[in-house]
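Asks: I would like to see how this sequence folds:
(4 chains)
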2 protein chains.
Amino acid sequence: MDFSIGELSRRTGVKVPTIRYYEQIGLLPSPPRTEGQQRRYGKDAVSRLAFIRHARELGFELDAIRALLSLQDNPDQSCAAADTIAKDRLVEVERRIAALTALRTELRRMIDECACGRVAECRVIETLADTSHSHGRLAEG
Amino acid sequence: MDFSIGELSRRTGVKVPTIRYYEQIGLLPSPPRTEGQQRRYGKDAVSRLAFIRHARELGFELDAIRALLSLQDNPDQSCAAADTIAKDRLVEVERRIAALTALRTELRRMIDECACGRVAECRVIETLADTSHSHGRLAEG
DNA sequence: CTACTTCCTATAGTGACTATAGGTTCAAGA
DNA sequence: TCTTGAACCTATAGTCACTATAGGAAGTAG
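Replies: All right, here's what the predicted structure looks like:
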């Protein structure tokens, strides 16, 4: 039921130094240690870390993840706080989906138009060189 | 026909220190200077920098952009390399859209159901903690 | 009990910027 | 022509989220 940081790493796909880093910045609680100061984890750590991992993959910043985790950590808090956090995330997620969808369209167009001839005719590069796009800062992720 | 780094910044939407940084890492060639060592740019710099900016917005890493620029600089090689770079981005973008769409559903459900009950039933974390996702390293973006 | 893997801390490096300090150059107005 | 003030210069440090390295201790299999 108890396992090492290496095993936690294997189970979640998060690298060992990254796990220690998450502990250091307070995203993961400090686990119990053996006599010799080695960390021992349980199943809870696996799901919490898997959550962090997937949220990171989706482009959430660690601060946003901290907010989401706080929903889980304080299940008795008023729903208003949770609701606010969830709504903020929803706005962000929708923004990201919109940006990524636009990006997908463009990437598809680039690939379709590139009939794999010479670079001279390659639209991948022309598309990117096209300056007719907005200069607004694009959301990350 | 010659203009300053500030003007180049205005024309491309890339910040001045970022332009200097791109020069430093060799993405942009060192431009000619005035007597007083101030950089002077021409139209070429505008299009190269616009290209870089646009590619960054699409989530290409600087190394990928370097590769794309080298294709542009030697237009006689085959387009396959550019195509591969773009296709890799597309796969990633599609994966992200799928994950975010799932998350959006969960967040919406949470907000709907949380008609001011408790957070205890929140499934946002479970949705993201789901380990059935691939463990492949995601490229940044 | 040895050998070997895994673990520990602490520190430094990465990518892609961004900010700051402290000074110089340039363009425009008096 | 002089002066003022914005924009420029270099160099360095800071940011975020890791990732790598050094040098040593702990755990485990034979």
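
Asks: Could you use CA atoms for every contact and neighbour count after this?
Replies: Noted.

Asks: Grab the most central residue of chain A for me.
Replies: A:Arg56 (1.5 Å; Cα atoms, centre = their mean).

Asks: now that one, nearest residue through space, not along the chain?
Replies: A:Leu62 (7.5 Å; Cα to Cα, 6 or more residues apart in numbering or on different chains).

Asks: ok, now A:Asp83?
Replies: A:Asp83 sits nearest to B:Ile111 (Cα to Cα, 6+ apart), 6.1 Å away.

Asks: thought that neighbour was touching A:Arg89?
Replies: No: using Cα atoms under 8 Å, B:Ile111 makes no contact with A:Arg89, being 10.8 Å away.

Asks: re earlier: how about the residue nearest to A:Asp83, what does it touch?
Replies: A:Asp83, A:Ala86, A:Lys87 (Cα atoms under 8 Å, 6 or more residues apart in numbering or on different chains).

Asks: Quick check, A:Pro32 in contact with A:Arg40.
Replies: Yes: with contact defined as Cα under 8 Å, A:Pro32 reaches A:Arg40; the gap is 5.7 Å.

Asks: neighbours around the residue nearest to A:Arg56, how many?
Replies: Around A:Leu62 there are 15 other residues, counting by other Cα atoms under 10 Å in any protein chain shown.

Asks: And for A:Asp63?
Replies: Around A:Asp63 there are 10 residues (other Cα under 10 Å).

Asks: So which bits of the helix or strand hosting it are buried?
Replies: For A:Asp63, the host element (DSSP states H and E) is helix A:62-73. Going by neighbour count (16 or more other Cα atoms under 10 Å in any protein chain shown), the buried part of helix A:62-73 is A:Ala64, A:Ile65, A:Arg66, A:Leu68, A:Leu69, A:Ser70, A:Leu71, A:Gln72.

Asks: what's the helix or strand for the residue of chain A found nearest DNA strand C?
Replies: Per Cα to the nearest atom of the strand, A:Gly6 is where chain A lies closest to DNA strand C, at 2.9 Å. Assessed by DSSP H and E, A:Gly6 sits inside helix A:5-12.

Asks: Is any residue of the helix or strand just after that helix near chain B?
Replies: Following helix A:5-12 in sequence order, the next helix or strand is helix A:16-24 (DSSP H and E). No: judged by Cα under 8 Å from any Cα of the partner chain, helix A:16-24 and chain B are separated, with a smallest distance of 13.4 Å.

Asks: And for stretch A:1-11?
Replies: No: using Cα under 8 Å from any Cα, stretch A:1-11 stays clear of chain B, with a minimum separation of 9.0 Å.

Asks: pLDDT (mean, whole number) over that stretch?
Replies: Confidence for stretch A:1-11, expressed as mean pLDDT, is 93.

Asks: Got the phi and psi for A:Arg33?
Replies: phi -120, psi 160 (degrees, to the nearest 10).

Asks: Now that it has come up, it's in contact with A:Arg40, right?
Replies: Yes: look at A:Arg33 against A:Arg40 with Cα under 8 Å: they come within range, at 5.6 Å.

Asks: Of these two, which one has the most company?
Replies: Using other Cα under 10 Å as the criterion, A:Arg33 and A:Arg40 rank with A:Arg40 on top: 19 against 12.
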